[in-house]
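Peer 1: The following comprises the amino acid sequence and a computationally predicted model.
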Amino acid sequence: MERKIILKWLSIFSVSFFILSIVELIDLIVFSTVISMDLDGQQFTIINLIFQSGFMSIHAPLLWIFLLCVICAFIALALSIFRVAKKQIIENYNLAKFMLLIGLFLVIGGFIKMSFIVLLGNNTISTGLTTITFQEALYTPTITSVIGAIMWVYFIVVVCSLLISGLIFGGIGLQWMLLIQDESASQDQ
């Protein structure tokens, strides 16, 4: 494989990954503070519903905080990938290992992030008169505006793109490692 091409695509990926993660962080903040839900005639912003209203379970704030931490960890990962891609001093075998590790981190982190999204979405909102899951409330037009559902879907789209790119990076890194090992084995003979 051509080393310069891999480093170029690695830096392009890290920049796009960084932009996706920053937009996701902004989406989480705007989603939580601006989007409101109409429950039993009262308007609640999502952050108030999760943290202050008492309508959701005790672990809902923890899930929201963990989701925020995972997004920030992905931003840090994007910056570290960019730093490694710009140094260009890493040798080929270590670069192949690095790409395999990037793929593994993206897949594992994507599944962890998706589990937080699913758990938060399945959390029950119980006002006394209304009992509905958080995700059903987001997708119900009489409770939440359409933009709230669109912002919620963005989290899922980002996770799917991370999982796919993790599989691609892991596969390329593994293939490159095997090619390097085959070349070194044929040179030893």
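Peer 2: Arrived safely, thanks for sending. Being a predicted model, the structure only gives us computed values, none of them experimental. Numbers count the residues shown, from 1 in each chain.
Peer 1: State the distance from Ile180 to Phe98.
Peer 2: 13 Å (CB to CB, to the nearest Å). The C-beta positions use only the backbone N, C-alpha and C, and glycine is treated the same way.
Peer 1: which residues of the chain fall in helices?
Peer 2: All helices of the chain, identified by DSSP state H, fall at 3-34, 46-51, 59-87, 92-121, 134-139, 146-188.
Peer 1: Switch those helices over to TSV; also include mean pLDDT.
Peer 2: Shown next, in TSV, are the helices of the chain (pLDDT from 0 to 100):
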stretch	mean pLDDT
helix 3-34	90
helix 46-51	88
helix 59-87	91
helix 92-121	91
helix 134-139	90
helix 146-188	89
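Peer 1: Flag every buried residue along stretch 6-15.
Peer 2: Buried positions in stretch 6-15, judged by neighbour count with 16 or more other CB atoms under 10 Å: Ile6, Leu7, Leu10, Ser11, Phe13, Ser14.
Peer 1: Looks like Ile112 contacts Val70 (just checking).
Peer 2: Yes. Using CB atoms under 8 Å, Ile112 is in contact with Val70, at 6.2 Å.
Peer 1: More neighbours: which of the two?
Peer 2: Taking neighbours as other CB atoms under 10 Å, Ile112 and Val70 compare with Val70 leading, 21 against 15.
Peer 1: For Ser80, see how far away the residue nearest to the spatial centre of the chain is.
Peer 2: Geometric centre of the chain, nearest residue: Val159, 4.6 Å, by CA atoms, centre = their mean. According to CB to CB, Val159 stands 20 Å off from Ser80.
Peer 1: If anything else comes up later, I'll come back, but that's it for now.
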